[in-house]
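Asks: Could you look at this predicted model? Sequence included:
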Amino acid sequence: MDWAAFRDRFPVTRRWAFLDHAAVAPLPDVAVAALREYADNLAEHGVTAVLGWAARIAHVRRLAARLINAPDPDDIYFLPNTTHGVGIIAEGFPWRPGDNVAVPAEEYPANQYPWMNLAGRGVEVRSVPSRGNRVHVDDIRAAMTDRTRVLAVSAVEFASGFRNDLALLGQICRERDIFFFVDAIQGLGVFPLDVQALGVDALAADGHKWLLGPEGAGIGYVRREWVDRLHPVGVGANSVVKPFDYTAIDFALKPHAGRWEGGAYNVPGITAFGASLELLLDAGVENVERRVVELTDYLCERAPAAGLEVFSSRAAGEKSGIVSLLAPGRDAEAVRRACRAAGVAVAARAGRVRVSPHAYNTFSELDRFVEVVRGMTNDPPMTHQ
């Protein structure tokens, strides 16, 4: 893979060593061009160009289905954020009082609050604490009871970078007839994810992190067998089989995930998101994974030179694109600010420094980060390798 050519697609590299893709990623030039093309087309043609943009939405839907190996493109629906996708399942699931949902305690709030909001319906959240930097499958299994109806888990934990064993968790859910929901935002685009092989019942991910798209345009997936078992929330004119027959009221919902696309599409966002998807799929997600692992392994090797300690699990199958670092004697937020002032973008999460490079980043950019942190201790600068 020619990573130098891939890197040329990212204007952000002219100014920043951008190592914060677990937050909001910069757009590649192909996504920027797609946004401009849509804006110019809308300005010149208005609604008369709608058929062309409908075709573009259908194309992006096919790309998304390919990304996660969905059985059919119609199993994909576009969503404005991951929270929306969590809510589709939390609010629509056929709960009974006394049911519960198992959720790792370190999940991002978007994958906790929608489940907590079900308390008034008699649904308990069974929170599974981490052990240090890991979420143990045995602890998740132990938290499950005969009233556990849903397991909601992230592909990768946002603060620790721990990559959950989705294959094993999916197997447990199938054995116990538990609905398997995956918040995929911190892994999708970097690690292959096959919803059929993993037994995923539903998935949600906005596109603005590792998928390199704009905020407000992401994807949801619902296994076809569950479409009619989930109460349809957020329905609108676009949820029905004949969405363009505006004067005939016929509440016949689409027999697939499209019923959750109730209103107007975020056409510019989906258009740009599609350009980023094409870029990633052309590169090959497996290649992206190898590159990101190579970069993060290198960072973990170099971090001690700046007095940083690797918190994230780096075991095979557990490492991800997120490296969480302890900075003894220094405040993580102070490290973030010092890096930002030096043109290096990283984050502070859970009292630790979070570094999340993508495939277009370089070893020298990681060295640059290490040098900035090392400089905070008044040590002499390091030489790039």
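Replies: Everything's here; your move.
Asks: which stretches of the stretch 201-350 of the chain form strands?
Replies: 202-206, 218-222, 309-310, 323-326, 344-345, 347-349 (DSSP state E, counting those that start in this stretch).
Asks: got the contact list for Asn111?
Replies: The contact partners of Asn111, by Cβ atoms under 8 Å, 6 or more residues apart in numbering, come to Thr82, Val86, Val103, Ala152, Val153, Ser154, Asp183. The C-beta positions use only the backbone N, C-alpha and C, and glycine is treated the same way.
Asks: try it again with 7 Å
Replies: Contacts here follow Cβ atoms under 7 Å, 6 or more residues apart in numbering; on that basis Asn111 touches Val86, Val103, Ala152, Ser154, Asp183.
Asks: And Phe311, by the same measure?
Replies: Listed by Cβ under 7 Å, 6+ apart, the contact set of Phe311 reads Asn133, Ser160, Ser324, Leu325, Leu326, Arg352.
Asks: Can I have the buried ones of these as a PyMOL selection?
Replies: This is how PyMOL selects the buried members of the contacts of Phe311, with burial counted by 16 or more other Cβ atoms under 10 Å:
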select buried, resi 133+160+324+325+352
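Asks: and which of the contacts of Phe311 is nearest Gly258?
Replies: Among those, Ser160 lies closest to Gly258 (Cβ to Cβ), at 35.4 Å.
Asks: State the three-state secondary structure for the closest one.
Replies: With DSSP: H, G, I helix; E, B strand; the rest coil as the basis, Ser160 sits in coil.
Asks: Test my guess that it contacts Ser324.
Replies: Yes - counting by Cβ atoms under 7 Å, Ser324 is a contact partner of Ser160 at 5.3 Å.
Asks: who touches both of these two?
Replies: Shared contacts of Ser160 and Ser324 (Cβ under 7 Å, 6+ apart): Phe311, Ser312.
Asks: In space, not sequence, find me the middle residue of this structure.
Replies: Taking Cα atoms, centre = their mean, the centroid of the chain lies closest to Ile185, which sits 0.9 Å from it.
Asks: How many neighbouring residues does Thr48 have?
Replies: Thr48 sits with 9 neighbouring residues when counted by other Cβ atoms under 10 Å.
Asks: I meant to write Glu286 there.
Replies: When counting by other Cβ under 10 Å, one arrives at 11 neighbours for Glu286.
Asks: Now it. Nearest residue, chain neighbours left out?
Replies: Counting by Cβ to Cβ, 6 or more residues apart in numbering, the nearest residue to Glu286 once its immediate chain neighbours are dropped is Pro192, at 6.1 Å.
Asks: burial measure for Met376, as a count.
Replies: The tally of other residues near Met376 (other Cβ under 10 Å) stands at 16.
Asks: need the contact list for it.
Replies: Going by Cβ under 7 Å, 6+ apart, Met376 touches Arg330, Val335, Ala338.
Asks: Now, those that are in helices?
Replies: Residues of those located in helices (DSSP state H): Val335, Ala338.
Asks: and which of the contacts of Met376 is nearest to Ala264?
Replies: Taking Cβ to Cβ as the measure, Ala264 lies nearest Val335 of the contacts of Met376, at 42.3 Å.
Asks: would you list the strands of the stretch 201-350 of the chain in TSV and tack on mean pLDDT?
Replies: Shown next, in TSV, are the strands of the stretch 201-350 of the chain (pLDDT from 0 to 100):
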stretch	mean pLDDT
strand 202-206	98
strand 218-222	98
strand 309-310	98
strand 323-326	98
strand 344-345	98
strand 347-349	98
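Asks: Compare these and give me the one nearest Glu91.
Replies: Closest to Glu91 of these is strand 202-206 (Cβ to Cβ; 12.4 Å).
Asks: for that closest one, packing partners?
Replies: Applying 3 or more Cβ pairs under 7 Å, 6 or more residues apart in numbering; DSSP states H and E, one finds that strand 202-206 contacts helix 82-92, strand 179-183, strand 218-222.
Asks: ok so, going back, show me the contacts for the residue nearest to Glu286.
Replies: Here Pro192 is in contact with Val285, Glu286, Glu289 (Cβ under 7 Å, 6+ apart).
Asks: Please produce JSON lines containing the helices and strands packed on strand 202-206, extended by distance to Glu278 and mean neighbour count.
Replies: JSON lines is the format used below for these (distance: least, Cβ to Cβ, whole Å; neighbours: other Cβ atoms under 10 Å):
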{"stretch": "helix 82-92", "distance to Glu278": "22", "mean neighbour count": "23"}
{"stretch": "strand 179-183", "distance to Glu278": "23", "mean neighbour count": "25"}
{"stretch": "strand 218-222", "distance to Glu278": "14", "mean neighbour count": "28"}
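Asks: how about these in a markdown table, adding distance to Val47?
Replies: Shown next, in a markdown table, are the helices and strands packed on strand 202-206 (distance: least, Cβ to Cβ, whole Å):
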| stretch | distance to Val47 |
| --- | --- |
| helix 82-92 | 26 |
| strand 179-183 | 35 |
| strand 218-222 | 25 |
